[in-house]
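Visitor: Prediction below, plus the sequence it came from.
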Amino acid sequence: MSQWYLIQAKPKQEARAKEHLENQGVECFYPTIEIEKIVRGKRQKRLEPLFHNYIFIKLDDADSAWSKIRSTRGVRDFVRFGKDIAKVPVLLIKKIKKDTANFDPDTLESNVPKPGDKVRVTEGAFKDLEGIYRTKNGEERSIILLDLLSQSVEIEVSNRDVIKVEK
């Protein structure tokens, strides 16, 4: 009888582990989502793992490939509760697959400010001042509104010098 299990991959080697497991004929489920991030001052859309360092695999309980899976490149070990290897309910896998298929990136909190968000300048002459994010100006710069001397002033700053302030 087939059962879903959870394995822990080595840090940042989930894709490698998945590829090597699939080459061995193991069914894998590695859910990812596309999110927008600011990376090195530029806005980028990236595929990110939903569960960092974890991959779901489907194995036959009678299969004796347990040690082969643990020694696969990129795999750290099975997730365990004490001595027992953790089994993942099929309904949970179905729910995660359904939710990731219907995922709306606009519902996810992002580190990319949107117009109207409160932001803080982290570098330069305006360091530690808070303002309102207005718009992006190209790929590497943003325009924000700061209150200076009782007036709203537009300034242009590098994306890497602005962080969104949590509400």
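Guide: Yes, it's here.

Visitor: Please compute how far the longest helix along the chain lies from its chain's middle.
Guide: In the chain, taking DSSP state H as the definition, the longest helix is helix 90-101. Relative to its parent chain, helix 90-101 has a centroid offset of 17 Å by Cα atoms, centre = their mean, to the nearest Å.

Visitor: cool, stretch 46-55 as well?
Guide: Centroid displacement of stretch 46-55 relative to its chain, using Cα atoms, centre = their mean, is 6 Å.

Visitor: What is the end-to-end distance of that stretch?
Guide: End-to-end distance of stretch 46-55 (Cα to Cα, to the nearest Å): 19 Å.

Visitor: Name the residues of it that come out as buried.
Guide: For stretch 46-55, burial by neighbour count (16 or more other Cβ atoms under 10 Å) applies to 49, 54-55. Where C-beta positions appear, they are placed from N, C-alpha and C, glycine not excepted.

Visitor: Same check on stretch 139-155?
Guide: 142, 144, 146, 155.

Visitor: Lowest average confidence across helices and strands of the protein, where is it?
Guide: Lowest by mean pLDDT, DSSP states H and E among the helices and strands of the chain is strand 32-39, with a mean of 77.

Visitor: Next, the angle strand 32-39 makes with the helix or strand just after that one.
Guide: Using DSSP states H and E, the helix or strand that follows strand 32-39 in sequence is strand 42-49. For strand 42-49 against strand 32-39, the angle between stretch directions is 150 degrees (axes from the mean of the first three to the mean of the last three Cα atoms, to 10 degrees).

Visitor: Work out the gap between the least confident helix or strand of the chain and the centre of the chain.
Guide: Worked out by Cα atoms, centre = their mean, strand 32-39 lies 7 Å from the chain centre.

Visitor: Can you tell me the strand partners of that strand and which way each runs?
Guide: strand 42-49 (antiparallel) (DSSP bridges).

Visitor: which other residues reach stretch 72-89?
Guide: 3-10, 13-21, 24, 53-54, 56, 66, 69-70 (Cβ atoms under 8 Å, 6 or more residues apart in numbering).
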